[in-house]
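1. Could you look at this predicted model? Sequence included:
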Amino acid sequence: MAPATEGPVRVEHLVTSGTFSLDGGTWDVDNNVWLVGDDREVLVIDAAHDADAIAAAVGDRRLVAIVCTHAHDDHVDAAPALADRTGAPVLLHPDDLELWKLTHPDRAPDGELADGQELDVAGTTLTVLHTPGHCRGAISLYAPGLGTVFTGDTLFAGGPGATGRSFSDFPTIVESIRERLLTLPPETVVRTGHGDDTTIGSESGHVREWIARGH
């Protein structure tokens, strides 16, 4: 009998819906949930809103980790339930622990993310880039072997993420994007926390426009 094939490493995409709450306001949102892996193991980026739907997408594969690009509630609300179901660790940058506790005061993340840390799944490596500004512990995940970067809410199609709420800072997000993201190859696909994909090259001009406007 031939050995079972693992299949090529691939990026899978799921959209889940719920709410985002902070600073006394609540908004309806659709979130991108990203899965990176092959037929045997997978990593989830941002367990948003619906643990059942994400678990169904994982299927019978081993879930290596649940990586949080940041700790806004719409990106982490389903993380503990998914972790309990699968046994996978929840990983978060420690600078976002205060924000995490607003959603999960009685359940800490299982591990920390650090700038330069490498996460391996299905024979590919994702490197953690600390990209604060949208919030203090925001990170991006760069996968050069896949030609893509997962930016959470740091960089979108059209410019930087929002910085008008607690834990955020506009000059910091601009520096993160300019120094950590725009230095990646221009053809790198940007997979965001909400909305459509873009590329590093496409966003270079948009970010310069935002800097000139100062917001």
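-> Received the coordinates, thanks. Numbering: from 1, shown residues only.

2. V174 reaches V207, doesn't it?
-> Yes: applying C-beta atoms under 8 Å, one finds V174 in contact with V207, separated by 7.1 Å. C-beta here means a position set from N, CA and C on the backbone, and glycine is covered the same way.

3. Stretch 73-84: end-to-end distance?
-> 18 Å (C-alpha to C-alpha, to the nearest Å).

4. same question, stretch 66-75
-> One end of stretch 66-75 to the other measures 11 Å (C-alpha to C-alpha).

5. in that stretch, what's buried?
-> 66-75 (16 or more other C-beta atoms under 10 Å).

6. Mind picking the two most distant members of those residues?
-> V67 and D73 (16.4 Å; C-beta to C-beta).

7. Work out the gap between the biggest helix by length in the chain and the centre of the chain.
-> Counting residues, the longest helix in the chain under DSSP state H turns out to be helix 200-213. Here helix 200-213 is found 21 Å from its chain centre; the criterion is C-alpha atoms, centre = their mean, to the nearest Å.

8. Which residues does it contact?
-> 149, 155, 157-160, 174, 177-178, 181-182, 184-188, 190 (C-beta atoms under 8 Å, 6 or more residues apart in numbering).

9. Could you do stretch 99-113 as well?
-> Here stretch 99-113 makes contact (C-beta under 8 Å, 6+ apart) with 22, 65, 67-68, 70-73, 76-77, 79-80, 83, 89-94, 97, 128, 135-137, 139, 167.

10. tell me the mean pLDDT for it?
-> The pLDDT scores in stretch 99-113 average 98.

11. And stretch 160-177, by the same measure?
-> The model assigns stretch 160-177 a mean pLDDT of 95.

12. buried sites along it?
-> Within stretch 160-177, the residues that qualify as buried are 160-161, 163, 167-168, 170, 172-174, 176-177, counting by 16+ other C-beta under 10 Å.

13. Kind regards, and thank you for your time.
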